[in-house]
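Peer 1: here is a sequence together with a model predicted from it:
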Amino acid sequence: MDRRHFIIMGLATLLSRPVATATTGKARDPMRLYIGTQGSGPGQGIWTAHFDSASGTLSDLHLAAEVERPTWLVGDPNRPLLYAVSETGNDGQTQGGVLGFAIYPASGALTPLGRVDSGGSGATHLSLDPASRTLFVANYGSGQVAAIALKPDRSPDAVQSLQTHAGSGPHRRQKGPHAHAAVIDPSGRYLLSPDLGADRLFLSRFDSKTRALTALAPIVFPPGSGPRHLVFSPDGRFAFLNTELTGEVYAYRWDARRGVLTQTARVALDAPDFAGTRSASELAVSADGRFLYVANRGANLLHLFAIDRRSGALTEQQRIDCGGRGPWSFGLDPTGRWLIVANQASGNLSIFAVDRATGKLSLTANSLAVDKPVAIAFFP
């Protein structure tokens, strides 16, 4: 048997093994952190490091895969697999890319499983529906959202369905649609896509058998809002959305039977007299559903909100310096004890300890220099 046969057999064995999940709140052996960047060219791409969830320290940083502008990452919760976008084609001449990798946890090495076109230009965000073996990608440059099939070996296959957004706004960045996220809801029946350029949240019904997307009526935002990202609460009852251009957070009650959002709150991150650029970037809900974290890229802050479990209303509990400049994104580690921020402008990852009783953050002395970090993914 040749070497290629052994490599294929080894990958098959890896992919057939379930991923061991971290026990919330308990320290465990070091896990892997993967870091997406805006880097391009030789020596740039997806980086990896050890993360020790007992001490909150990062170490052994090295390049895992050369990829042009891997600005968003998503892991398979059940298998050692990582998916990434390649945010290319924003000039409108070419398409972006979607890539799959097999993970070797001991070394952090990424073995390519294939690359396919993203269905539009400037791929910027991914979500994964493991049940239907589908990746959803938001193409910022062309304002399109695509459903991409995964092969039985979980490598990316091809675009199965495509939704093209329409609309514009008054801001200089809103000359046309710019899909900024593609999020499958917890029921697996609906896809939601905030569009920065169109000032809309587009909703589609998703058929898990055919992977067809059927457009529903969008939610329209005030002109110049710039919807960016959306997350669901762990129980699927609420959804939270931030607007990049106005720096606001919207809370909704989610009816998964009808695919209907009902607004319950709207909160501004900055004071009315704020003189800087308003720019909300990332948001995430704690594993217990009690807290919402939001990154404020304009003011270089992180905001903590308590979530009312009955109404979804938000009450601010804390705002704290992000530990750098330009907090593009962040992630809560699987134990719930740490929050790591990707500070794009200052080129560093900052690490915060999380008080699980209050949700409050404390900046640690731990930090890691990374060139233009914009996305992170944990692999336990």
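Peer 2: Ah, there it is. Because the structure is predicted, anything quoted here is derived from the model rather than measured.
Peer 1: from here on, just use CA atoms for contacts and neighbour counts.
Peer 2: Will do.
Peer 1: give the buried residues for stretch 360-371.
Peer 2: 360, 361, 363, 367, 368, 370, 371 (16 or more other Cα atoms under 10 Å).
Peer 1: please read the previous query as pertaining to stretch 56-64.
Peer 2: 56, 57, 58, 61, 63, 64.
Peer 1: in the stretch 101-250 of the chain, which spans are strands?
Peer 2: For the stretch 101-250 of the chain, the strands defined by DSSP state E, counting those that start in this stretch occupy 109-117, 123-129, 134-139, 144-150, 156-164, 183-184, 190-195, 200-206, 213-215, 219-220, 227-232, 238-243, 248-255.
Peer 1: deepest of these, which one?
Peer 2: strand 134-139 (a mean of 30; mean count of other Cα atoms under 10 Å).
Peer 1: contact partners of that strand?
Peer 2: Contact with strand 134-139 is made by 96, 118-129, 144-150, 156, 178-184, 193, 211, as judged by Cα atoms under 8 Å, 6 or more residues apart in numbering.
Peer 1: by how many degrees do that strand and strand 144-150 diverge?
Peer 2: 150 degrees (axes from the mean of the first three to the mean of the last three Cα atoms, to 10 degrees).
Peer 1: skipping its backbone neighbours, what lies nearest residue 133 in space?
Peer 2: Among residues not flanking residue 133 along the chain, residue 150 sits closest, at 5.2 Å (Cα to Cα, 6 or more residues apart in numbering).
Peer 1: what sits against that neighbour?
Peer 2: By Cα under 8 Å, 6+ apart, the neighbours of residue 150 are 133, 134, 135, 156, 157, 158.
Peer 1: how close does it sit to residue 232?
Peer 2: According to Cα to Cα, to the nearest Å, residue 150 stands 24 Å off from residue 232.
Peer 1: swap in residue 221?
Peer 2: Residue 221 is 19 Å from residue 232, where distance means Cα to Cα.
Peer 1: can you check residue 108 too?
Peer 2: Noted for residue 108: a distance of 29 Å to residue 232, by Cα to Cα.
Peer 1: over to residue 178?
Peer 2: Residue 178 is 21 Å from residue 232, by Cα to Cα.
Peer 1: ditto for residue 82
Peer 2: 21 Å.
Peer 1: next: residue 322.
Peer 2: 23 Å.
Peer 1: now residue 208
Peer 2: 19 Å.
Peer 1: repeat for residue 355
Peer 2: Counting by Cα to Cα - residue 355 and residue 232 are separated by 21 Å.
Peer 1: residue 242 now?
Peer 2: Where residue 232 is concerned, residue 242 sits at a distance of 12 Å (Cα to Cα).
Peer 1: quick revisit: which of the buried residues of stretch 56-64 fall in strands?
Peer 2: 57, 58, 61, 63, 64 (DSSP state E).
Peer 1: a markdown table please, covering those residues and showing distance to residue 256 and pLDDT.
Peer 2: Shown next, in a markdown table, are those (distance: Cα to Cα, whole Å; pLDDT from 0 to 100):
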| residue | distance to residue 256 | pLDDT |
| --- | --- | --- |
| 57 | 39 | 96 |
| 58 | 39 | 96 |
| 61 | 41 | 96 |
| 63 | 40 | 96 |
| 64 | 38 | 96 |
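Peer 1: and the furthest pair within those residues?
Peer 2: 57 and 64 (19.0 Å; Cα to Cα).
Peer 1: ok, back up a step: tell me the pLDDT at the residue nearest to residue 133?
Peer 2: You'll see residue 150 listed with a pLDDT of 98.
Peer 1: give me the distance between it and residue 324.
Peer 2: Taking Cα to Cα, one finds residue 150 at 37 Å from residue 324.
Peer 1: just residue 101 next, same as before
Peer 2: 30 Å.
Peer 1: looking at those two, which is more packed in?
Peer 2: Each of residue 101 and residue 324 has its neighbours counted (other Cα atoms under 10 Å); residue 101 has more, 22 against 19.
Peer 1: can you pull the contacts of the more buried one?
Peer 2: 81, 82, 83, 110, 111, 112, 113, 114, 155.
Peer 1: who's the fourth one bridged to?
Peer 2: The one in question is residue 110. Beta-bridge pairing for residue 110 (DSSP bridges): residue 103.
Peer 1: cool, and the first one?
Peer 2: The residues paired with residue 81 through beta bridges, assigned by DSSP bridges, are residue 102.
Peer 1: report pLDDT for the closest residue to residue 249 other than its chain neighbours.
Peer 2: Among residues not flanking residue 249 along the chain, residue 242 sits closest, at 4.4 Å (Cα to Cα, 6+ apart). Per-residue pLDDT puts residue 242 at 98.
Peer 1: just residue 268 next, same as before
Peer 2: So residue 268 comes in at 98 (pLDDT).
Peer 1: surely it touches residue 247?
Peer 2: Yes. At 6.2 Å, residue 268 counts as touching residue 247 under the criterion of Cα atoms under 8 Å.
Peer 1: for residue 147, which non-adjacent residue is closest in space?
Peer 2: residue 136 (4.7 Å).
Peer 1: nope, residue 321 is what I was after
Peer 2: In space, residue 321 is closest to residue 301, 4.6 Å off (Cα to Cα, 6+ apart).
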